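1. Let's see this in three dimensions:
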Amino acid sequence: MNGVYWGLASTLLLDRPDGLPRQEMINWVMSCWEPESGGRFLPATITSSNPLFPTSLLATDPFLHQSFVFPQGGFRPHPGHDPHIHSTLSAIQILTMQNAIDVLEKPKVIDYILSLFDPERGSFSGDSWGETDARFSYCAVSGLALLGGLERLDRERVVGFISRCQNFDGGFGMVEGAESHAAYVWTCVGTLAILGRLDMVDKNTLGWWLSERQVPNGGLNGRPEKLEDVCYSWWALASLVIIGKAEWIDRSKLTSFILSCQVE
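-> All right, here's what the predicted structure looks like:
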């Protein structure tokens, strides 16, 4: 799903809206939707005929239900996979760009996103397995914004989690106490920008940390002492644009680096 999003975004940026088949894309995206509660594989011991571990336990045991049944309304990255908040955002973005968002049952998708929220921590899980980091906060907030569901979100809890991911160097990590990383900087400042809370960011310190990601050949890396590449260049530059510090790097050298990566 994410690959389809990037492919569509690229064709639109290149002014080729007809570059990919629209209706086939919409149909495929909707084939990845999980409108009803579903199940993963079940251990062999959980069967309807086993008196010790019957399938009815899934309805009465919260741990088993969370472990083997996923909530309704999310999108799978590909048919046959489990729903995930990342692929759900990509699906929402694709349908929005294709002017087809009305094919969605928006309330179900909003409910799915909110079902992954931890109100105590203010964070989001990627799916019902429970992995949590700042990427999923961005996916949730961005998806809710596109669907008009932000009014149901406890914004201050979300902002609190994001603020705890910020480090002394101005950057942001994936969770509290994690190393600053350009990709997580983008997810965190992107989340705060959507929520109208960029006032929480020390823009000068963060701008310094991001501008330090530029290496002599013009490319940007994601962390100190790492190699540059176009992926990190995007995360870092996009973050600089959000906080209004894009002029703090040599954009001409960055452009040259990116063009040097193009396959002729």
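
2. ok, which stretches of this protein are strands?
-> Applying DSSP state E to the chain gives strands spanning 38-39, 69-70, 117-118, 123-124.

3. ok, of those, where does mean pLDDT dip lowest?
-> Here those differ in mean pLDDT, and the lowest is strand 38-39 at a mean of 45.

4. Residue 22 and residue 5: what is the separation?
-> Applying Cβ to Cβ, to the nearest Å, the value for residue 22 to residue 5 is 14 Å. (Glycine included, C-beta is placed from N, CA and C.)

5. Please identify which of those two sits among more neighbours.
-> Higher neighbour count among residue 22 and residue 5: residue 5, with 19 against 15, using other Cβ atoms under 10 Å.

6. That one: what's it in contact with?
-> 90, 93, 94 (Cβ atoms under 8 Å, 6 or more residues apart in numbering).

7. ok, of those, which one's closest to residue 239?
-> Nearest to residue 239 among the contacts of residue 5 is residue 93, at 18.9 Å by Cβ to Cβ.

8. Need the residue closest to the centroid of this protein.
-> For the chain, the residue sitting closest to the mean C-alpha position, by Cα atoms, centre = their mean, is residue 139 at 3.4 Å.

9. What pLDDT does the model give it?
-> Looking at residue 139, its pLDDT reads 98.

10. For the chain, which segments are assigned as helices?
-> With DSSP state H as the criterion, the chain has helices at 2-13, 22-31, 57-60, 62-68, 85-97, 106-115, 134-147, 155-164, 182-194, 203-211, 230-242, 251-260.

11. need the ones you listed in JSON lines with distance to residue 127, can you?
-> Converted to JSON lines, the helices of the chain look like this (distance: least, Cβ to Cβ, whole Å):
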{"stretch": "helix 2-13", "distance to residue 127": "14"}
{"stretch": "helix 22-31", "distance to residue 127": "18"}
{"stretch": "helix 57-60", "distance to residue 127": "17"}
{"stretch": "helix 62-68", "distance to residue 127": "11"}
{"stretch": "helix 85-97", "distance to residue 127": "7"}
{"stretch": "helix 106-115", "distance to residue 127": "10"}
{"stretch": "helix 134-147", "distance to residue 127": "9"}
{"stretch": "helix 155-164", "distance to residue 127": "18"}
{"stretch": "helix 182-194", "distance to residue 127": "17"}
{"stretch": "helix 203-211", "distance to residue 127": "30"}
{"stretch": "helix 230-242", "distance to residue 127": "23"}
{"stretch": "helix 251-260", "distance to residue 127": "33"}
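
12. Minimum distance to residue 124: which of the ones you listed has it?
-> Closest approach to residue 124 among the helices of the chain (Cβ to Cβ): helix 134-147, 4.2 Å.

13. out of the contacts of residue 5, who has the most neighbours?
-> Greatest neighbour count in the contacts of residue 5, by other Cβ under 10 Å, goes to residue 90: 25 neighbours.

14. That residue touches residue 4, doesn't it?
-> Yes. In this structure, residue 90 is within contact of residue 4 by Cβ atoms under 8 Å, at 7.1 Å.

15. what is the rounded mean pLDDT of stretch 11-23?
-> Computed over stretch 11-23, the mean pLDDT rounds to 95.

16. pull the CA atoms of it into CSV?
-> Output in CSV follows, covering the C-alpha atoms of stretch 11-23 (Å, rounded to 0.1, in the frame of the first residue of the first chain):
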residue,chain,number,x,y,z
THR,A,11,3.3,10.8,-10.8
LEU,A,12,1.2,13.7,-9.5
LEU,A,13,4.3,15.8,-8.7
LEU,A,14,5.5,15.1,-12.3
ASP,A,15,2.1,16.4,-13.6
ARG,A,16,1.1,13.0,-14.8
PRO,A,17,-2.3,12.3,-13.1
ASP,A,18,-3.0,9.8,-15.8
GLY,A,19,0.2,7.9,-15.3
LEU,A,20,-1.4,5.1,-13.3
PRO,A,21,-4.8,3.5,-13.8
ARG,A,22,-7.2,5.3,-11.4
GLN,A,23,-10.1,2.9,-11.1
